[in-house]
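Novice: My questions are about this predicted structure, shown below with the sequence.
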Amino acid sequence: MTGLDAILPILNGGLQGYLVVALLLFALGLATVLLRRTLLLQFMGVELMLNAANVALLAFARFRGGDAQAMVFYLFIIAVAACEAAVGLALVIGLYRHRDTTDSDRAASLKQ
Amino acid sequence: MFITFALITLLGATGMLLQKNVIVAGLCMVAAFFGVAGLFVLLANPVAAALQIIVYTGAIMVLVLFVIMMLNSHEEEKAQASRPIQRWVSMALVVALALGSVKLVLASPGLKALGKSGVAMPSAMTLQKVGAALFTDHLLGFEVAGLLLLAAMIGAVALTKRNL
């Protein structure tokens, strides 16, 4: 098998192509959480990682013949992501009121 | 088509990682979410694509952009202490994780077999199918998700209100 034969099904949207996209998306989200200091950007990185999980889940569902269970699980993930968005953003606003910053390094101590 | 949407998704995510301005980073993230919605359409799942656009780009990103406007700090603040060791270690860890997991996926014979056996396009996901699965097998989970959303809503209001 030559290298081109191995790459072509991935570029044309085989299962492995979707999984590679999901993994790279997860890595980019993780890099955002680890490397950026702004809390809002870190929060967006978390959303990106949740989305990567969704891509992998629905890719598996399609290659197993359109499984509806994956869709139910996707709905639950979306519900948890929405909850996380509401509470996380409320915490960022609370932090900004108390300390006048959205930098996670400056929020390292719990004391005032 | 697949490669187009994959590139939109990954470039949007990269833009979010590298962008200095928080608002532009948020818009890059919207692009990434649209790319993911396109991938869902290619996966014969228009329901998930519609939900992706409505919930993520419609609700969550608008919420984030409102918060950015409320905070009026659009640029990343100057670092108190530059932590070069932590940055390099985390960068190396992320790259190692990405390359290792991609290598594992490409080498896995089980995934190759599943990709070959499931290559025939299934019939598109419909709301009827989702509803039947949701309200017969997962009714309890559905109710708990509703309760969780209510709790999060009350918690968010309680956290942002000044004098409760």
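Specialist: Cool, the structure landed.

Novice: so where's the chain shaky on pLDDT?
Specialist: Unless you meant another one, I'm taking chain A. A:1-10, A:112 (pLDDT under 70).

Novice: if you could check chain B rather than the one you did, that'd help
Specialist: Applying pLDDT under 70 to the predicted model, the residue ranges of chain B that meet it are B:73, B:163-164.

Novice: middle-most residue in it, spatially?
Specialist: Nearest to the mean C-alpha position of chain B, by Cα atoms, centre = their mean, lies B:Phe33 at 6.6 Å.

Novice: Return the set of buried residues in the strand or helix carrying that residue.
Specialist: Taking DSSP states H and E as the definition, one finds B:Phe33 inside helix B:22-42. Neighbour-count burial for helix B:22-42 flags B:22, B:25-26, B:28-42 (criterion: 16 or more other Cβ atoms under 10 Å in any protein chain shown). Every residue, glycine included, has its C-beta placed from N, CA and C.

Novice: Show me the helices in chain B, by range?
Specialist: B:2-18, B:22-42, B:46-51, B:61-71, B:84-107, B:109-117, B:127-136, B:139-160 (DSSP state H).

Novice: most tightly surrounded among the ones you listed?
Specialist: Neighbour counts (mean count of other Cβ atoms under 10 Å in any protein chain shown) averaged over each of the helices of chain B peak at helix B:22-42, with a mean of 22.

Novice: care to break chain B down by domain?
Specialist: As recorded under automatic domain parsing, the domains making up chain B are B:1-74, B:126-164.

Novice: mind putting those in TSV, distance to A:Gly94 included?
Specialist: Formatted as TSV, the entries for these read as follows, by distance: least, Cβ to Cβ, whole Å:
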stretch	distance to A:Gly94
domain B:1-74	11
domain B:126-164	5
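
Novice: can you put those in CSV and add distance to chain A?
Specialist: CSV is the format used below for these (distance: least, Cβ to the nearest Cβ, whole Å):
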stretch, distance to chain A
domain B:1-74, 3
domain B:126-164, 4
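
Novice: Of all these, which one is nearest B:Met91?
Specialist: domain B:1-74 (10.9 Å; Cβ to Cβ).

Novice: just checking, what packs against the helix ranked longest in chain A?
Specialist: With secondary structure taken from DSSP H, chain A has its longest helix at helix A:68-99. In terms of contacts (3 or more Cβ pairs under 8 Å, 6 or more residues apart in numbering or on different chains; DSSP states H and E), helix A:68-99 is packed against helix A:39-63, helix B:46-51, helix B:61-71, helix B:127-136, helix B:139-160.

Novice: just the angle between the first one and helix B:109-117, please?
Specialist: Pointing back at helix A:39-63 there. For helix A:39-63 against helix B:109-117, the angle between stretch directions is 60 degrees (axes from the mean of the first three to the mean of the last three Cα atoms, to 10 degrees).

Novice: ok and helix A:39-63 relative to helix B:61-71, angle-wise?
Specialist: 180 degrees.

Novice: elements contacting helix A:39-63?
Specialist: Using 3+ Cβ pairs under 8 Å, 6+ apart, the elements in contact with helix A:39-63 are helix A:15-35, helix A:68-99, helix B:2-18, helix B:22-42, helix B:61-71, helix B:109-117.
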